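>>> give me a model of this one.
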Amino acid sequence: MKAAKDLQDLKQLYNKDFYQWIMENVELLKNKEFNLVDWEHVIEELESMGRSELRSVISFMTIILEHLYKYEHFRESGTMGDSWIDSIDNARTELEWLFNDSPSLKRKALEEIDIAWKNAVRRLIRWFEKPVNEKLAKKHFGKLPTEKNFPERCPYLFDDILNYKPWKKNLEE
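Now for the predicted structure:
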């Protein structure tokens, strides 16, 4: 690996060889050569990492919301929805891992429920657009649904996203 000669070379390396750019900045930080670090791009990458973690949380919440809503409103048989339960369980496991690793993400996730719900509604609409689900769409909506056919605000609480198991209701009765 050829080392960058100065800060300008390091900044150019960012677009040419990202891995080498990372390794050289890591080496500079380890050696406490802070004046040679490409701070502009380091800050940009750290912010991007944070956004990526939050996007993962929103994505898992979206999956949970979509499948909870499907389970409660569109099941046609006793076995329909088993894959939704698996999906909810898997997404909850991932959220648990993310929240254990970064507890502040859990606090931030509370603020993002509306975004996750809007994403879930979009996914529900696309689900109904599939030919296999056209009969369900006609049965429940009389047509293909739009955003107006779903609650504007998320019908679930944050605790529901993490814990609610509507499939257990039948076992408890």
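>>> CA only for contacts and neighbour counts going forward, please
Noted.
>>> run through the neighbouring helices and strands of the top helix by length along the chain.
For the chain, the helix with the greatest residue count under DSSP state H is helix 39-73. If you count contacts as 3 or more Cα pairs under 8 Å, 6 or more residues apart in numbering; DSSP states H and E, helix 39-73 packs onto helix 82-101, helix 103-111, helix 113-129, helix 158-163.
>>> between the ones you listed, which one is closest to His41.
Among the helices and strands packed on helix 39-73, helix 103-111 comes nearest to His41, with 23.3 Å by Cα to Cα.
>>> mind listing what's buried along that closest one?
Leu105, Lys106, Ala109 (16 or more other Cα atoms under 10 Å).
>>> could I get the helices and strands packed on helix 39-73 as JSON lines with distance to Ser48 and mean pLDDT?
Shown next, in JSON lines, are the helices and strands packed on helix 39-73 (distance: least, Cα to Cα, whole Å; pLDDT from 0 to 100):
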{"stretch": "helix 82-101", "distance to Ser48": "16", "mean pLDDT": "96"}
{"stretch": "helix 103-111", "distance to Ser48": "15", "mean pLDDT": "94"}
{"stretch": "helix 113-129", "distance to Ser48": "19", "mean pLDDT": "98"}
{"stretch": "helix 158-163", "distance to Ser48": "25", "mean pLDDT": "97"}
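>>> out of these, which one sits most buried?
helix 113-129 (a mean of 19; mean count of other Cα atoms under 10 Å).
>>> give me the angle between that one and helix 103-111.
Using axes from the mean of the first three to the mean of the last three Cα atoms, to 10 degrees, the inter-axis angle of helix 113-129 relative to helix 103-111 is 70 degrees.
>>> follow-up on the earlier one: tell me the angle the longest helix of the chain makes with helix 113-129.
60 degrees.
>>> ok, back up a step: including distance to Asp6, could the helices and strands packed on helix 39-73 go into a markdown table?
Converted to a markdown table, these look like this (distance: least, Cα to Cα, whole Å):
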| stretch | distance to Asp6 |
| --- | --- |
| helix 82-101 | 36 |
| helix 103-111 | 37 |
| helix 113-129 | 43 |
| helix 158-163 | 49 |
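>>> so which of the ones you listed gets nearest Glu72?
helix 82-101 (10.7 Å).
>>> just how off-centre is that closest one within its chain?
11 Å (Cα atoms, centre = their mean, to the nearest Å).
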